[in-house]
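J.: Need coordinates for the following:
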Amino acid sequence: MNGPTRQRAERAVPPLVAQILTGRGVAPEAMVDFLYPDYDRHLHDPMLLTDMQPAIERIIAAAEAGQKVVVYGDYDIDGITASAIMIEALAALGLTAQSYIPDRFEEGYGINAEALAKLQATGAELIISVDCGITSVKEAAWAREHGLDLIITDHHTPPEVIPEAIAVINPKRAGDVYPFKDLCGAGVAFKVAQALQQRVGKPAAGQEKWLLDLAALGTVCDVVDLVGENRVLASYGLKVLHRTRRPGLRALAHVGGVDVSKITSHHLGFVLGPRMNAAGRLEHAARSLELVMTTDEARALAIAEELDGLNRQRRTDQDAVLKAASAMAEERSEDAVLVLAHPDWSHGIVGIVASKLVERWHKPVLVAQVMGEYTKGSARSTGTFNMVEALRANADMFTKFGGHFYAAGYTLPTTRLDDLRAGLNAFYQASEADTSPPPTPSDVALDTMASLNWSCYEELQLLEPYGAGHQPPVFELPGVRVTRLAKIGQDKSHLKLTVAGREGQTLEAIGFGLVAKHPQLAEGQTVTVLAKLDKNEFRGQTTLQLQLADIRYE
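T.: Residues are numbered from 1 along each chain as shown. Predicted structure coming up:
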């Protein structure tokens, strides 16, 4: 057997994996491509993006003229990775671009005219935004009036009127023919790098792949769906990350207790990502940008340790805000949309708190810091409630806002907080949105636990990388008996079980945060378990375990 026939045989789809993909809407003829993304065949032509051509022409002109270029990014991990990608792509042309990331606390999100004026005063002639700018209509007008050229690259939902700039690259633009719409900011920046390579051959063919570790980090941590082109970027990016040239990422993995050669998408979202985001949440994101771009091993380790400390502080601050916000949410439990604000809540961490409150209340939540005359915060949604449309319907209240279906940021006069609460709750009632928690879905129902073995675990690895829009499969296991039960964790909020199947097989099971949801669970009970198959590494031993998604009673 050789050639294509041999390749197809080597890439056969196991029946269990095929069953899972079928349930997720993947057609049989598309399964091999889903499981085995191909960099050359599955990435789309970057020139299909609206305005890519004028953007590339302006960048080339800047390189030829030796002009000063500034990459203007956002302070979250998507903006950080997009900034690094763009700066390194420009460096391949011989352009030494400066980075500018606004201060979350002094300037807030997005492009501001004051920053543009300062940058122009230092000699900047071209500004390239990454992960921001799509709502910066006034700022783009200022740049145009003052002779400062602006290229916008973004992925957030465009407003009805988009900024007038040299180029506005966003796959979500009306009329854009790019086949994949859900790129993150780092993904869009990578498409610019690809386009430069196509046009001028720089970076050299194949060398752009060294940017994919950053593209994967931004893609996973910005919680865009890991399907289509995002899956390609994440898959190849993880391969690059396993042998990354970046001392900063190696150091960050080290302080996070992870072997960089074994990093998965889970580690991006829960180990590297939070530490990189901590700088922008508590101090300034420039530190994280320096981390991913430095070539100095000692400097990389020093920054990684600093970010690790900031992340510990972030968790402490977050717990305090969550406790206070939860109490306020209880007082406003009748509201369909929770609008919560306090002067002591740093707007650097309110987005995380809002997400946790959404999980608790299953309703849209806005959490903000009152900063005197103005209030600034984050919004999170769930179900079918479109948060950015809800904010747009109340646009007259804001000085600034923008975001996605499920997440947004905003600033408004503090005097309008009660008006905002009333406006959003009225919008909710008119929208007929459904935010009630759906039952935990399962991918496969099994009559026995016997098939959940190491062979099954290895087959499931074909489905990696996991992330938003493509989570690890959940198995439904009826007739499972709880033979041991313990409540673990500092606050005893997690369940640790030993469960036995109908044929006597036993597995350990962990249920994070499930104690409050299942107070009636007891040893000796027979239940239906919904769980993911995982492995547990402890004291040199590796065993299979179940990660509980839910428990149903028979």
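J.: Can you spell out which helices and strands pack onto the longest helix belonging to the chain?
T.: For the chain, the helix that runs over the most residues, judged by DSSP state H, is helix 297-331. Applying 3 or more CB pairs under 8 Å, 6 or more residues apart in numbering; DSSP states H and E, we find helix 297-331 packed against helix 247-255, helix 273-282, helix 286-293, strand 338-342, helix 350-361, strand 365-371. Where you see a C-beta, it was placed from the backbone N, CA and C, and this is true even at glycine.
J.: The second one packs against which elements?
T.: What it means is helix 273-282. So helix 273-282, by 3+ CB pairs under 8 Å, 6+ apart, packs with helix 77-91, helix 212-221, helix 247-255, helix 286-293, helix 297-331.
J.: same thing but 6 Å
T.: helix 77-91, helix 286-293, helix 297-331 (3 or more CB pairs under 6 Å, 6 or more residues apart in numbering; DSSP states H and E).
J.: Specify the stretch among those helices that is closest to Glu464.
T.: helix 77-91 (20.2 Å; CB to CB).
J.: Show me how far that closest one is from its chain's centre.
T.: 16 Å (CA atoms, centre = their mean, to the nearest Å).
J.: buried set for that helix?
T.: 77-90 (16 or more other CB atoms under 10 Å).
J.: nearest to His494, of those?
T.: Out of the buried residues of helix 77-91, the member with the shortest distance to His494 (by CB to CB) is Ile77, at 26.9 Å.
J.: How about that closest one, nearest residue that isn't a chain neighbour?
T.: Cys221 (4.5 Å; CB to CB, 6 or more residues apart in numbering).
J.: Was I right to think the one you found contacts Gly79?
T.: No - using CB atoms under 6 Å, Cys221 makes no contact with Gly79, being 10.7 Å away.
J.: Could you check how far stretch 374-382 is from the centre of its chain?
T.: The answer for stretch 374-382 is 17 Å, by CA atoms, centre = their mean.
J.: Apologies, that question was intended for stretch 265-277.
T.: For stretch 265-277, the distance to the chain centre is 10 Å (CA atoms, centre = their mean).
J.: can you check stretch 246-258 too?
T.: That offset, for stretch 246-258, works out to 19 Å (CA atoms, centre = their mean).
J.: buried residues in that stretch?
T.: For stretch 246-258, by 16+ other CB under 10 Å, it's Arg246, Pro247, Gly248, Leu249, Arg250, Ala251, Leu252, Ala253, His254, Val255, Gly256, Val258.
J.: State whether the third one and Leu289 are indeed in contact, as I suppose.
T.: No - contact between Gly248 and Leu289 fails when scored by CB under 6 Å: they sit 9.6 Å apart.
J.: Where does pLDDT dip in the stretch 1-150 of the chain?
T.: 1-10 (pLDDT under 70).
J.: in which helix or strand would I find Ile551?
T.: strand 541-553 (DSSP states H and E).
J.: Tell me which strands that strand pairs with, and in which orientation.
T.: strand 506-511 (parallel), strand 526-538 (antiparallel) (DSSP bridges).
J.: Indicate which one of the ones you listed is closest to Leu212.
T.: Leu212 lies closest to strand 526-538 among the strands paired with strand 541-553, at 26.3 Å (CB to CB).
J.: in that closest one, what's buried?
T.: Val527, Thr528, Val529, Leu530, Ala531, Lys532, Leu533, Asp534.
J.: re the thing from before, what would the buried residues of stretch 246-258 look like in JSON lines with distance to Ala204 and pLDDT?
T.: JSON lines is the format used below for the buried residues of stretch 246-258 (distance: CB to CB, whole Å; pLDDT from 0 to 100):
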{"residue": "Arg246", "distance to Ala204": "19", "pLDDT": "98"}
{"residue": "Pro247", "distance to Ala204": "22", "pLDDT": "98"}
{"residue": "Gly248", "distance to Ala204": "23", "pLDDT": "98"}
{"residue": "Leu249", "distance to Ala204": "22", "pLDDT": "98"}
{"residue": "Arg250", "distance to Ala204": "24", "pLDDT": "98"}
{"residue": "Ala251", "distance to Ala204": "27", "pLDDT": "98"}
{"residue": "Leu252", "distance to Ala204": "28", "pLDDT": "98"}
{"residue": "Ala253", "distance to Ala204": "28", "pLDDT": "98"}
{"residue": "His254", "distance to Ala204": "30", "pLDDT": "97"}
{"residue": "Val255", "distance to Ala204": "33", "pLDDT": "98"}
{"residue": "Gly256", "distance to Ala204": "32", "pLDDT": "97"}
{"residue": "Val258", "distance to Ala204": "31", "pLDDT": "95"}
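J.: Ala278 is in contact with Asn311, correct?
T.: Yes - the criterion here is CB under 6 Å, and Asn311 meets it with Ala278 at 4.1 Å.
J.: The two: who's more crowded?
T.: Ala278 (26 against 21; other CB atoms under 10 Å).
J.: The buried residues of helix 77-91: which two are farthest apart?
T.: Ile77 and Leu90 (20.4 Å).
J.: quick one on the thing from earlier: how about a markdown table for the helices and strands packed on helix 297-331, with distance to Val499 added?
T.: Putting these into a markdown table (distance: least, CB to CB, whole Å) gives the following:
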| stretch | distance to Val499 |
| --- | --- |
| helix 247-255 | 33 |
| helix 273-282 | 31 |
| helix 286-293 | 41 |
| strand 338-342 | 36 |
| helix 350-361 | 25 |
| strand 365-371 | 34 |
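J.: Which one of these lies nearest to Leu119?
T.: helix 286-293 (14.8 Å).
J.: pLDDT (mean, whole number) over that closest one?
T.: Averaging the model's pLDDT scores along helix 286-293 yields 98.
J.: That helix relative to helix 273-282, how many degrees between them?
T.: Helix 286-293 and helix 273-282 are oriented at 150 degrees to each other (axes from the mean of the first three to the mean of the last three CA atoms, to 10 degrees).
J.: how much space between the residue positioned nearest the centre of the chain and Leu268?
T.: Centroid-nearest residue in the chain, with CA atoms, centre = their mean: Asp222, separated by 1.8 Å. Distance, Asp222 to Leu268, using CB to CB, to the nearest Å: 11 Å.
J.: Phi and psi next, for Leu226.
T.: Main-chain dihedrals, Leu226, degrees, to the nearest 10: phi -90, psi 60.
J.: nearest residue to it other than its sequence neighbours?
T.: Gly467 (3.7 Å).
J.: before we move on, back to that, of all the strands paired with strand 541-553, which one is nearest Ile111?
T.: With CB to CB as the yardstick, what comes closest out of the strands paired with strand 541-553 is strand 526-538 (41.2 Å).
J.: any idea of the mean pLDDT in the closest one?
T.: For strand 526-538, the per-residue pLDDT averages 94.
J.: Run the chain-centre distance for it.
T.: Per CA atoms, centre = their mean, the centroid offset for strand 526-538 relative to its chain is 25 Å.
J.: before we move on, what about stretch 109-121?
T.: 27 Å.
J.: what does it contact?
T.: With CB atoms under 6 Å, 6 or more residues apart in numbering as the test, stretch 109-121 has contacts from Val70, Cys132, Gly133, Ser136, Glu139, Trp142, Ala143, Leu148, Gly409.
J.: what comes up buried for that stretch?
T.: Tyr109, Gly110, Ile111, Asn112, Ala115, Leu116, Leu119, Gln120.
J.: mind saving the C-alpha coords of that stretch as CSV?
T.: The C-alpha trace of stretch 109-121 is given here as CSV (Å, rounded to 0.1, in the frame of the first residue of the first chain):
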residue,chain,number,x,y,z
TYR,A,109,-9.7,50.0,25.8
GLY,A,110,-9.1,50.9,22.2
ILE,A,111,-7.6,53.7,20.2
ASN,A,112,-7.7,57.2,21.7
ALA,A,113,-6.9,60.5,20.0
GLU,A,114,-4.5,61.6,22.8
ALA,A,115,-2.3,58.6,22.2
LEU,A,116,-2.4,59.2,18.4
ALA,A,117,-1.3,62.8,18.9
LYS,A,118,1.6,61.7,21.2
LEU,A,119,2.7,59.0,18.7
GLN,A,120,2.6,61.4,15.8
ALA,A,121,4.7,63.9,17.8
